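In: Curious how this folds, go ahead:
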Amino acid sequence: MNEIDLLKEMFNAAVSAAQPAVVIPNHLPAPPDGRTIVIGAGKASAEMARAFESHWTGPTDKLSGLVVTRYEYGAVCEHIEIAEASHPVPDQAGEDAARRILDTVSDLTADDLVVCLISGGGSALLSLPADGLTLDDKQQINRSLLKVGANIKEMNCVRKHLSAIKGGRLAAACAPARLVTLMISDVPDDDPDVIASGPTVPDPTTFADALELLHKYQITEPTAAIEHIKQAADETPKQGDNRLANTEATLIATPQMSLEAAADVARRHGITPVILGDSIEGESREVALVHAGVAKQVLRHGQPLPRPCVLLSGGETTVTLKGTGRGGRNAEFSLALAVALNGLPGVFALAADTDGIDGSEDNAGAVVTPTTLQRAEENGLNARHYLQDNNAYTFFQSLDDLLMTGPTLTNVNDFRAVLIP
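Out: Residues are numbered from 1 along each chain as shown. Below is the predicted model:
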C-alpha cells in the first residue's frame with residue numbers, strides 16, 4: 001500500500017467510526033407511554049434519523065418527526081420527515097423547517113418523548129430569526145463572521161442571540177415532555193452548547209457576549225440585527241431554567257473517537273500514531289506551519305517520536321479571506337503545509353472535513369506529497385501566489401490532488417494526518 005492510500009484508509013476509518021448506524025443503536029431511550037417525536041438538524045441528522053428508525057423498539061404508530069439536513073445529505077425514512085436546506089449560509093428552506101419543528105413540539109405532554117438528533121451544520125440549517133429580524137439579517141451576519149475568520153464558538157454565540165430556536169429555546173418549547181438529545185460533535189472541546197448552537201441545552205453565553213464579538217470584528221450591519229443584540233430583550237434559557245428540567249444530552253460521536261480509529265489503522269500497518277489534539281483551532285495556514293515544524297523535527301531528530309509515524313489532529317481551523325480564490329480550510333491547510341515543507345522528502349499528508357465538504361466546495365480536502373511543489377512548478381503554478389489568493393482548491397484541482405468523497409452523512413469536523421514513513 002502506498003502512502004496516500006494509507007492516509008485515505010485512516011480518513012475512512014475516522015469517518016466510519018462516526019457513522020450514525022454505528023453510534024445510534026447504543027443510545028436509544030426507552031419508549032414512552034405517549035408519543036415519540038424525533039426532531040433535529042445537521043449534516044448527519046437525516047442519517048441519524050434513519051438509524052433511529054431502524055433500531056427503534058417502540059410502537060411505530062406513535063413515532064413521527066421532522067429533521068433538517070444539508071442539500072444532498074437526505075435519507076429515506078418511513079416515519080420521520082426529512083427536509084433539506086442550505087449550509088453554511090441559511091436559506092428560506094431552513095427557516096421554514098425550523099418553524100415547522102417548533103410547531104411539531106408545541107402541544108406535547110409529560111407522557112411524550114422528544115428525541116433531538118443534533119450534528120454539525122445545525123446552526124445554519126435550523127435558522128429561525130428572532131422576532132423583528134429577517135432571514136436576510138441572519139445571512140448578512142453569517143457571511144460577515146465567515147469572512148473575518150470568527151471561530152465556531154464565536155459564530156454560534158452571535159447566532160443564538162439572533163434566533164428564536166437556538167441556545168436552549170427549542171428545549172424550552174418541548175416542555176413538559178421528556179427531551180433526549182443525541183449529539184455528534186463537530187466542535188473543539190465538544191461543548192454541547194456550541195454544537196449546532198445548542199438548541200436543546202442551557203446557554204452560558206449572553207447578549208453582552210454577542211455584542212462584544214460584533215465590536216471585536218467591527219461588524220456594524222445589518223442595523224436590525226445589531227439593535228436586537230443591543231436591546232437584549234429576551235435572554236436565552238440558562239442552567240436551572242425549569243423548562244429544561246426534564247432534558248438530557250449525550251455525545252455519541254466525537255473527533256477524539258475518530259482520531260483513535262485512525263490511530264488503530266496506523267498501528268496495524270506498523271506506523272506509530274501520535275494524536276496532537278482533537279480540538280485544534282486557529283488560522284489554517286498557521287496550524288499548517290506547526291504541523292510542518294513537528295514533521296521536520298521527526299525527520300531531523302526523531303522527536304517527539306522516530307519514524308515511521310503519523311501525526312493526527314482534529315478540530316476546526318479558520319480562514320480569514322484576503323484573496324478572491326476558491327478553497328475551504330482543509331485545502332488551505334494542505335497548501336500552506338506544502339509551502340512550509342518545500343518539497344521535503346519523506347512527508348505525506350491528508351487534510352479533509354469528515355462531512356465530505358470542505359467549506360462550500362465539492363471536495364472533502366486535499367493531499368500533499370513530497371512532489372507537490374515540483375509538479376506545480378512543472379504546470380506553471382506558483383504555490384505561494386495561490387495561497388496568498390486563498391485559491392487552494394484551484395491549485396490542487398490542477399494537480400488532481402483534491403480528495404473527493406461526496407457527502408459522508410456524518411460530521412466530526414476536520415481530520416488531518418501527516419505521515420512520515
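In: In contact with Gln239, which residues are there?
Out: Neighbour list for Gln239: 202, 204 [criterion: Cβ atoms under 8 Å, 6 or more residues apart in numbering]. Just so you know, the C-beta spots here come from the backbone N, C-alpha and C atoms, and that holds for glycine as well.
In: Sticking with the closest residue to His291 other than its chain neighbours, tell me its helix or strand.
Out: Nearest residue to His291, sequence neighbours excluded (Cβ to Cβ, 6 or more residues apart in numbering): Val418, at 5.3 Å. Following DSSP states H and E, the helix or strand that holds Val418 is strand 414-420.
In: what's the answer for Arg326, then?
Out: Using DSSP H and E, Arg326 falls outside every helix and strand.
In: and the gap between the closest residue in space to it that isn't next to it in sequence and Ala364?
Out: Among residues not flanking Arg326 along the chain, Tyr393 sits closest, at 4.0 Å (Cβ to Cβ, 6+ apart). As judged by Cβ to Cβ, to the nearest Å, Tyr393 and Ala364 stand 12 Å apart.
In: These two: which is more packed in?
Out: More neighbours surround Ala364 than the other of Tyr393 and Ala364, with 27 against 23 (other Cβ atoms under 10 Å).
In: In the one helix or strand Leu259 maps to, which residues are buried?
Out: Under the criterion of DSSP H and E, Leu259 resides in helix 255-268. By neighbour count on 16 or more other Cβ atoms under 10 Å, the buried set for helix 255-268 is 255-263, 265-266.
In: can you map out the strands along this structure?
Out: 36-41, 63-70, 80-85, 113-118, 178-184, 247-253, 272-280, 309-315, 348-353, 365-368, 402-403, 414-420 (DSSP state E).
In: In a markdown table: those, plus mean pLDDT and mean neighbour count.
Out: As requested, these are arranged in a markdown table below (pLDDT from 0 to 100; neighbours: other Cβ atoms under 10 Å):
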| stretch | mean pLDDT | mean neighbour count |
| --- | --- | --- |
| strand 36-41 | 98 | 29 |
| strand 63-70 | 98 | 26 |
| strand 80-85 | 98 | 20 |
| strand 113-118 | 98 | 28 |
| strand 178-184 | 98 | 27 |
| strand 247-253 | 98 | 19 |
| strand 272-280 | 97 | 18 |
| strand 309-315 | 97 | 24 |
| strand 348-353 | 98 | 28 |
| strand 365-368 | 98 | 29 |
| strand 402-403 | 98 | 24 |
| strand 414-420 | 98 | 26 |
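In: got those as a markdown table, with distance to Ala336 columns?
Out: Shown next, in a markdown table, are the strands of the chain (distance: least, Cβ to Cβ, whole Å):
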| stretch | distance to Ala336 |
| --- | --- |
| strand 36-41 | 32 |
| strand 63-70 | 27 |
| strand 80-85 | 32 |
| strand 113-118 | 32 |
| strand 178-184 | 28 |
| strand 247-253 | 28 |
| strand 272-280 | 14 |
| strand 309-315 | 14 |
| strand 348-353 | 10 |
| strand 365-368 | 10 |
| strand 402-403 | 16 |
| strand 414-420 | 12 |
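In: of these, which approaches Ala225 most closely?
Out: Evaluated over the strands of the chain, closeness to Ala225 peaks at strand 80-85, with 19.9 Å, by Cβ to Cβ.
In: between Tyr393 and Ala364, what contacts are shared?
Out: Common neighbours of Tyr393 and Ala364 (Cβ under 8 Å, 6+ apart) are Asp358.
In: domains in this structure, as residue ranges please.
Out: Listed by automatic domain parsing, the domain ranges of the chain are 3-11+256-420, 31-131+164-205+230-253.
In: possible to save those as TSV with distance to Val148?
Out: What follows is the domains of the chain, written out as TSV (distance: least, Cβ to Cβ, whole Å):
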stretch	distance to Val148
domain 3-11+256-420	6
domain 31-131+164-205+230-253	14
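In: Just the helices from the stretch 201-350 of the chain, written as ranges.
Out: 207-216, 223-231, 255-268, 284-301, 329-341 (DSSP state H, counting those that start in this stretch).
In: Return the most buried member of those helices.
Out: Counting by mean count of other Cβ atoms under 10 Å, helix 329-341 has the highest mean neighbour count of those, with a mean of 27.
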